[in-house]
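[1] no FASTA, just this:
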């Protein structure tokens, strides 16, 4: 199927064209009249001779010459016949607005959608929809979108794909975003969200890819597209709903549920440097930021220039809440600024230039250049509320100053941050955007967006493992099978994960002998794949100090096991070295049905359970990624010599995470979950050791 | 001094009046011409015969009749003479725009301000400024503000006072806020921020008090005003900068610095139910919300109605991020909604009504009424992006539906949440606000603001101790003096705080005897006010189990103390019961120079240091407040029977916090700080016990 033909057609036929307001067929014709540029657009409707003064054909067949795409505005029951007619004419693209398919959730809807898919495959028709609001290709002036909006020049470089037409419209109506494409994908079972993303990532006219979606069709293709975008350094901004499912999942608060689907998306997005935004306004603002800037900052540091102390304070505070880096200016910068500022002002970052500077474009340009040239600074923010009616001339001088500085060359990126919203002036919005200076939303949104920019700037493709261990088959409901602690550890050992020295014994005498070999004190645990909560049933004894105690412990553990679960197959008792104290970590893997094994790490106990301080990443991982996981923990200072404690063996810990991720990736089709809890982490050079371990596999069919 | 005369004058004289653009005197006259309503406004300027066609007087003396307020637009050097002239004429209010006073930070500026203060006191003139941008009294049409803005009806019920004129202007320009007063207070050494707040809290025309400030003049008055507002249930919305100082302070990460000035403000605001916002947009939006609603919700729960699944998902997600409560609808509500919704829709909260409903105002009204009448719901949110140019008729039907529901009576509060900004339509903005339906900013701001509303709704005046233990004298730089552990505990004991059983001994024999009395095992610690870090110097020995060990420990501790600090006065060795394990808390007090003793509690160690999980509240406290402090800790689940652990003695813990707060309040003039670390917390009914304690006092002058 040819998505290019669908999105960049030479000829389009509107089926169900009319002049009737409030219908798909009527409103799309109004839009085409207002801002369609494609000459070869044909109207089709047996009811009309002409629409908006243009000939209207009775059917697709009557149209002279080729038709690349049909846009079907008529009800669901007409769709399949119309597709056949179009197919017969050699048409290879179609847009279907009609709803009543799988989105309804009933059997009829699903079956109808299946038939539609089959038909498109049979006819080799690239289908947008059903249940969609079509698309606009702003580059070529192709209008296939029926919601009425204002006539305005919107041709630009943001490629938007969204599952919701309503949200497309909201974004289109915003005065400061310009598009290459707006695509309302609808159910998208034929040409999928992943296909549109791929098109936009490849498309040379699209500088920023923006997407809203609720779920995926093809995680493998999705990952490939994201990888392609990452390697091209093309920004992909995504709003994906479903975070709040997280709410209920986190409530369950055990390792498995901590890696619920939404956190897995987060982890995948992080891996590929995708900018995940929190709401529509962020989707808009981040798209505008990446679209308007003609260069991205070389580093993640900012300077802010404001006209008043109050505004400077707000920049400092809100920047701080978003962990924005405002480095101190160099001594040289400070000395130069002191010359320019009024005698009572002190140079700081964020900087209060005072209003004085804003009424002299030469002086403002000098200050801006000075701040910009500071080697500490990656990007300059100008705090200024652009009023709807310009009463204050400051923006005139500021804009002139920006022009001057850009004309001098070697300008760093600049953005404007207003302090309250709904006061943007279209004239200056355009003027500034032509200078590649975006106007952001007010501070709380602005600094959130700038933080995304900082993440984008800091993303290093060379620090990433590109492979994803996507399962070959969809998740099955096969029954699960646990391995015993010892069996689990034996497998991890093969991957180079350090585990406790231990041996299985089957009698009290053997227990005493083995314990002596390992060296007292030892730990003794029931060894069985069928007893998972060993401590709860008296299956674990710590600090066994001599032969007599070892023999006694053996008998008691076996006794407890028999009482607790008489039918359980017990391999014996595990005699295990008793490790010195260390920092206790949890290391786990959950095999996500979409993205395969996802590694989780965090400090044990309340840190995971109450503070939710965990980090996730899809397997496999390289050591940079493993280290980044650790660094992203709130508890990371505890690894790093906090308050006179030992610096821990972060290197060995990261390597162990890499090994576990490798193990999980190698077993992506069979593994359900694994846990090492605790993993003891020792001071630098002393390594780590898995104290307890568990693997749960999907039972293999014979 | 008469602030009412200043803000509600009958006659005003503009000194330095002119028609010259870009000057205080010129621009204020333009503003008066545009929207001033006060008939008795006189222009004064010896240079002109008339200004804007109105007589201009040579001096204040020449004005016939009384002048209540002079607005001095002329340079600093003219100010004092003009004030004397005004005073001589019986004028009791003045606004001074001129700058060059204390804000400059040099000696001259400070001296000039002092002279100005003295002069105003001598003349009994209520002074606004200097270095201010004046005020507008919208209720009476008094214009004393020189920044030019759009001519628009802005008369409403938000009273704004700000230290920054620039920020006043930004707010005034927003299309959806209406004011009773806008006051740019400037340096405000005569009539202070606290005075203006007091006026606005008392003012019957002001429904919401909004404030921006950087610091205070009079914490005592401030607290009194906040108490008054709290008891009246009048919303006070505050933007106070200085959070980021917190950044550097938190970095220091010890108990003392955790209660840095900004966190103290937070604690004071929380006590009085002040709505502290994060930036200007929040100040605007929160003010609008409280201003436009004609009733506040009876409970802190919300329902959201949206036109699409995408928008519903965003509401759910962003609401979740802000901990907004969206309770499930009752079975009855669900059943009714099923009847109204299309067959493929499922009723949930947030609710996707589908667009179908939005084209039928009767049906939408029915759905809105149904959702609103659900007993679980306190307030209804309608997710809808109000486009700048209305192309979509949905808002017409929605507005009509809202009208119908309100006309039926018993409507609960409603607000509109758009998904992207800068698309508000003034016509519908006005229409909806006339229906008392505010339009909020996009979701991330909207839910943040709604969370403030929830806090306001949940605030209970009866749960508050109203007294604040403000120190009688300003913080002094007196040297500090520590008390020993035992001396500190003896003082706490008098307030009913449970402490360890312990006794001071001065010989090895005594040690053994005392230890036996207390009962082995015991803890032994060096007892000295001059050795604060006892453990570090070998001054603490745990688990002493017999007489021999006790004697030996005595000798070693005394030895270590002598080696460590030969000059220290050592009272002996403390023999202390060794407590069973419990949950270890930190309880501390830091005496804030502005607001007096502030109590801090949190779990010990990394929970305070790495996770910053602490709660602060100014002393004294009642038990509701102490309990609220505990509940606000992220670690609170650990007190409350988390995962099968014991429920702890929260009651005893809260009582201990109250007692410590009482102690601190009683010693507000002498205490510098105190710490109980750890305070052991035991299961319900088993109480708490202070294991170690420290009081540091300001040394008293003889």
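    Nice, thanks for sending it over. All of these numbers come straight from a predicted model, not from anything done at the bench. Residues are numbered from 1 along each chain as shown, chains lettered A, B, ... in the order given.
[2] Dihedrals phi and psi, residue A:575?
    Here is the backbone geometry of residue A:575 (degrees, to the nearest 10): phi -100, psi 120.
[3] Now do the contacts for it.
    A:502, A:503, A:504, A:505, A:511, A:514, A:515, A:518, A:522, A:523, A:524, A:550 (CB atoms under 8 Å, 6 or more residues apart in numbering or on different chains). C-beta here means a position set from N, CA and C on the backbone, and glycine is covered the same way.
[4] Point out the residues in the stretch 1-150 of chain A that sit beside chain B.
    Near chain B, the residues belonging to the stretch 1-150 of chain A are A:22, A:103, A:104, A:105, A:106, A:109, A:147, A:148, A:149, A:150 when assessed by CB under 8 Å from any CB of the partner chain.
[5] possible to save those residues as CSV with pLDDT, secondary structure and neighbour count?
    Shown next, in CSV, are the residues of the stretch 1-150 of chain A next to chain B (pLDDT from 0 to 100; DSSP: H, G, I helix; E, B strand; the rest coil; neighbours: other CB atoms under 10 Å in any protein chain shown):
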residue, pLDDT, secondary structure, neighbour count
A:22, 83, coil, 9
A:103, 85, helix, 16
A:104, 83, helix, 18
A:105, 80, coil, 11
A:106, 87, coil, 12
A:109, 92, helix, 20
A:147, 85, coil, 19
A:148, 77, coil, 21
A:149, 77, coil, 21
A:150, 76, coil, 15
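[6] leaving aside the residues next to it on the chain, what's closest to residue A:399?
    The shortest distance from residue A:399 to any non-neighbouring residue, by CB to CB, 6 or more residues apart in numbering or on different chains, is to residue A:431 (5.8 Å).
[7] Next, the one you found: secondary structure please.
    The three-state assignment at residue A:431 reads helix, by DSSP: H, G, I helix; E, B strand; the rest coil.
[8] Residue A:189 touches residue A:113, doesn't it?
    Yes: with contacts counted by CB atoms under 8 Å, residue A:189 reaches residue A:113, the gap being 6.0 Å.
[9] Of the two, which one has the most company?
    A count of neighbours by other CB atoms under 10 Å in any protein chain shown puts residue A:113 above the other of residue A:189 and residue A:113, at 20 against 17.
[10] what touches both of residue A:189 and residue A:113?
    Common neighbours of residue A:189 and residue A:113 (CB under 8 Å, 6+ apart) are residue A:102.
[11] hang on, the earlier thing: adding distance to residue B:201, write the residues of the stretch 1-150 of chain A next to chain B out as a markdown table.
    Below are the residues of the stretch 1-150 of chain A next to chain B laid out as a markdown table (distance: CB to CB, whole Å):
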| residue | distance to residue B:201 |
| --- | --- |
| A:22 | 51 |
| A:103 | 53 |
| A:104 | 56 |
| A:105 | 54 |
| A:106 | 59 |
| A:109 | 59 |
| A:147 | 48 |
| A:148 | 48 |
| A:149 | 46 |
| A:150 | 44 |
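[12] Please identify the one among those that lies nearest to residue A:215.
    residue A:103 (12.1 Å; CB to CB).
[13] Now for the nearest residue to that closest one once chain neighbours are set aside: which residues touch it?
    Here the nearest residue to residue A:103 in space, its sequence neighbours aside, is residue A:131; by CB to CB, 6+ apart that works out to 5.1 Å. Residue A:131 makes contact with A:96, A:97, A:98, A:99, A:100, A:101, A:103, A:186, A:187, according to CB under 8 Å, 6+ apart.
[14] Need the pLDDT of residue A:131.
    Note on residue A:131: pLDDT of 93.
[15] What does the residue in the stretch 451-600 of chain A that chain B sits nearest to show for phi and psi?
    With CB to the nearest CB, the shortest gap between the stretch 451-600 of chain A and chain B falls at residue A:536, namely 10.1 Å. Dihedral angles of residue A:536 (phi, psi; degrees, to the nearest 10) stand at phi -60, psi -30.
[16] Please report how far it lies from residue A:609.
    Residue A:536 is 17 Å from residue A:609, where distance means CB to CB, to the nearest Å.
[17] Neighbour count: the two, which is higher?
    Of the pair residue A:536 and residue A:609, residue A:609 is the one with more neighbours under other CB under 10 Å, namely 21 against 10.
[18] Surely that one touches residue B:638?
    No: applying CB under 8 Å, one finds residue A:609 not in contact with residue B:638, separated by 9.4 Å.
[19] gap between stretch A:139-147 and the chain center?
    Here the centre of stretch A:139-147 is set off from its chain's centre by 28 Å, with CA atoms, centre = their mean, to the nearest Å.
[20] ugh, typo on my part, it should be stretch A:592-610
    For stretch A:592-610 - counting by CA atoms, centre = their mean - the centre lies 17 Å from the chain centre.
[21] Give me the distance between the two termini of it.
    23 Å (CA to CA, to the nearest Å).
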